[in-house]
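pasting a predicted model and its sequence here:
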Amino acid sequence: MHKHAWLWYSAIRLGVIVVVALALIAVGVPWLLATAIGLLVAGLVSFFALGRLRGEFSAELAAARDRRRQRNSRPDPDAIVEDALADSLTDGDATGAADASATAADAGSQVGDDAEPEAEHPAKQQ
């Protein structure tokens, strides 16, 4: 494994482009066409001959990205709140409170002989 695979990979590709373009220019091919052919040849060479070096280059990029993410990672405030809510739901705290308020709301909406008169109900006075 090369220490700086990205440098080797880039240097070899650039070298192939330059060598092919200069060789074609030397035999009379216009410089723009020679450069385009050099790019095409360099792409083919890198695809078939530089596969291992390209894999090392890719691994270096992924490792650098992971290191940067770890350095810059900060806790997400929304995630913290969501985690706390999920924890309270699994502990039964929020479920019990929700059940109690639903029961109270159902009890207040029932009309019967023992229901409070509307004028005396604190929620309906404004």
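In hand now; what should we look at?

what helix or strand does the spatially closest residue to L14 that is not a sequence neighbour sit in?
Closest residue to L14 apart from its sequence neighbours, by C-beta to C-beta, 6 or more residues apart in numbering: A42 at 7.8 Å. C-betas here are computed from N, CA, C, even on glycine. Per DSSP states H and E, A42 falls inside helix 31-49.

which helices and strands sit right next to that helix?
Using 3 or more C-beta pairs under 8 Å, 6 or more residues apart in numbering; DSSP states H and E as the contact criterion, the secondary-structure elements in contact with helix 31-49 are helix 5-26.

between helix 31-49 and the helix it packs on, find me the angle.
Regarding helix 5-26 and helix 31-49, their directions subtend 140 degrees when assessed with axes from the mean of the first three to the mean of the last three C-alpha atoms, to 10 degrees.

elements contacting helix 5-26?
Helix 5-26 makes packing contacts with helix 31-49, helix 51-72 when contacts are defined by 3+ C-beta pairs under 8 Å, 6+ apart.

the residue nearest to L14 reaches R13, doesn't it?
Yes: counting by C-beta atoms under 8 Å, A42 does reach R13; the two are 5.0 Å apart.

what's the burial count for L7?
Other residues within reach of L7 by the criterion other C-beta atoms under 10 Å amount to 12.

got the contact list for it?
Taking C-beta atoms under 8 Å, 6 or more residues apart in numbering as the criterion, L7 is in contact with no other residue.
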